[in-house]
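Undergrad: sequence and predicted structure are below.
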Amino acid sequence: RTLLATAFHAPEPSGMEVLEEVLISIDAEGRISDVLKSDAPGYTEKRTALEAAGVLEVLPAGSYLLPGLVDCHVHAPQYPQLGDALDVPLEVWLQKYTFPLEARYADLAFARETYGMLVEDLLANGTTTALYFATIHQDATRALVDICLEKGQRALVGKVAMDHPENCPDFYRDASPEEAIAGTRALIDYVRSHPQNREILVHPVITPRFIPACTDAALEGLGALARECGCHVQTHCSESDWEHGYVLDRHGMTDTESLDRFGLMTRRTMLAHSNLLTASDMDRIVERGAGVAHCPLSNGYFAGAVFPLRAALEKGMHVGMGTDISGGPSASLFENARAAILVSRMFETGVDPDRAPEERASGAARRIDFRQAFHVATAGGAKALDLPVGQFTKGYLFDAIVVDTRAEKGTIRLFDDRDAGETILQKIVYGASRANIAEVYVGGQQVR
Ligand code: GUN
Ligand code: FE
C-alpha cells in the first residue's frame, strides 16, 4: 500500500526534514519499501498511476504524518499515581508511595486492569514504542507483555530487579540476588518464546531498578546475563543528589563507572535521567554506545537537576525522551518535548531574579529548539534503543501517527495563509494534545 502525505521526520538532531506530499510505500511486513519525494524522478508517474488505479491512500487536508513517539522511560505500575504525590523528595516518594503501590501488582487482576488502561492511553497519545519498568512480579509483568502484544504496541519490558535488604522494604523485594536474576531470566524466556511475538513486537529488558536497590551480587549476575543474552538493559543513573551521593559512598565511583564495571553499560543500555554526569561519564556513555532517557518533567519534581541535553547531543550521545510515569505527571511525550525546550532555555539564561543578568546566565549555549526535541522524542529514542523505527526511511518499520490539526477538540490552530513547512511542525510540537492524534500505526498495522 502507498500513502500520500505531508510528513515530518528528524533522523539527525539537527536534520529535520519536511516531506511535502511524499509517497510512502509499506510492504506486507510493515516495512517502508519506498519513500518517493515530490521532486524525485518518477514521482508524477507513480502518483498518477496509483491515483488512476484508485489505490492511493491520501491523508485529508490539515492532517500530517509523523513518526510514532518513542517513550524511553515508563514505570507501568505507577500509572494509578499519575499526577499524585509530587511534593516529596525521591527517597521519601519511593518508600511512602511508590513501593506500596508497586507491591499491589502481586494481584494479577489489578495489574491487567491498570496495564490495559496505560497501554491504551499511551497509544492514544501517539506513543508507538515504550520502554517499560514493570514490577518484581513474574505474573503481572507477563500480563504487561501480553497486553502490549494484544493492543499492538511496540514495547520493551523488564521485570524489576531489586533485592537490597536495607534499601527495599520487606513487602516489596526480590528475596535474594539469585531470585532477582532467575526472575529476569524467566521473563526473557517468556518474551522470546511467546507464540504471539513472532514478528518481535516486544523485547525483554534486564532491569536493575537502580544501584541503591540492588546488591552487588545481583548487579554482577545481571551484567553476566546481559552479556549472555544480548538483550536491552535499563536502570536509573545519577538522577538526584541523594542517589548519586549514595553510589559515591557505597562504590567510591559514579553510577556510570559502577554500571560499566558490572557489564551493564552496553549498546542496548538505557540510562534514565543521568542528570549528574561528569564529563568522563559522558565520554564513557558515548564510547559504549549506551543511551540516556531524558525525563524533563520528572527531573523538575524529583531530581532537582537538569540533564544537559544539548551538550549530550553535541557529544554524539544517543538520547531519547521519557515520561517517567509517574515521576512525571504526564503520559504525553509532546508535553515532555515542550518541557525539554523550556528547561533548556531556563538552564541557559539562569532563573534567579535576585542576580544580575550577567551573573544569572551561564554564558553557555544550552538551549534546544523544537527540531531537536522532536528528534529526541522520535528517531533519537529509536536509535538509542537500536530499533529500526522513528523515521520515514526505506527499510524502517512503519510506526507512525496522523496528527489532525483541524480536530474539533484539538489544541493546534493553523492558518492557511501563513503556516507552511517547518512552522506546521513547530505548532504541532508546541500544541499537540491527545485529541489531535487521529490515527496510530505500529509495524504498518493501524492500532488506533
Ligand atoms: N529511582 C528508583 N526508582 C525510581 C522510580 O520509580 N522513579 C524515579 N524517578 N526514580 C527512581
Ligand atoms: Fe524512573
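TA: Nice, thanks for sending it over. Ligands and ions are numbered 1, 2, ... in the order given.
Undergrad: tell me how many other residues surround residue 365.
TA: Around residue 365 there are 11 other residues, counting by other C-beta atoms under 10 Å. (Glycine included, C-beta is placed from N, CA and C.)
Undergrad: distance of it relative to residue 345?
TA: Relative to residue 345, residue 365 is positioned 11 Å away (C-beta to C-beta, to the nearest Å).
Undergrad: can you give me the buried ones in stretch 171-185?
TA: Buried residues in stretch 171-185, counted by 16 or more other C-beta atoms under 10 Å: 172-174, 177, 180-181, 183-185.
Undergrad: what's the answer for stretch 413-423, then?
TA: By 16+ other C-beta under 10 Å, the buried positions in stretch 413-423 come out as residue 414.
Undergrad: and the contacts of it?
TA: For stretch 413-423, the external contacting residues (C-beta atoms under 8 Å, 6 or more residues apart in numbering) are 16, 18, 20, 62, 371, 405-406, 424, 427, 431.
Undergrad: in helices only, show me the residues you listed.
TA: 371, 424, 427, 431 (DSSP state H).
Undergrad: next, the residue nearest to the third one when sequence neighbours are not counted: secondary structure please.
TA: Read it as residue 427. Residue nearest to residue 427 in three dimensions, not counting chain neighbours: residue 412, with 5.5 Å by C-beta to C-beta, 6 or more residues apart in numbering. In three-state terms, and counting by DSSP: H, G, I helix; E, B strand; the rest coil, residue 412 is coil.
Undergrad: which parts of the helix or strand bottoming out on mean pLDDT in the chain are buried?
TA: When each helix and strand of the chain is scored by mean pLDDT, DSSP states H and E, helix 357-360 comes last, with a mean of 85. Buried residues in helix 357-360, defined by neighbour count with 16+ other C-beta under 10 Å: none.
Undergrad: next: stretch 139-152.
TA: 140-149, 151-152.
Undergrad: tabulate those (TSV), appending pLDDT.
TA: As requested, these are exported to TSV (pLDDT from 0 to 100):
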residue	pLDDT
140	98
141	99
142	98
143	98
144	98
145	98
146	98
147	98
148	98
149	98
151	98
152	98
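Undergrad: closest to residue 237 among these?
TA: residue 141 (21.9 Å; C-beta to C-beta).
Undergrad: ok, that closest one - contacts?
TA: Neighbouring residues of residue 141 by C-beta under 8 Å, 6+ apart: 134-135, 157-159, 187.
Undergrad: residue contacts, the residue nearest to it when sequence neighbours are not counted?
TA: With sequence-adjacent residues excluded and distances taken as C-beta to C-beta, 6+ apart, residue 141 is closest to residue 134, at 3.9 Å. The contact partners of residue 134, by C-beta under 8 Å, 6+ apart, come to 76-77, 105, 140-141, 144, 157-160, 207.
Undergrad: so what's residue 134 scoring on pLDDT?
TA: pLDDT for residue 134: 99.
Undergrad: how is the chain partitioned into domains?
TA: As given by automatic domain parsing, the domain ranges for the chain are 2-67+391-446, 69-384.
Undergrad: how far does the shortest one stretch from start to finish?
TA: Criterion C-alpha to C-alpha, to the nearest Å; first-to-last residue distance in domain 2-67+391-446 is 14 Å.
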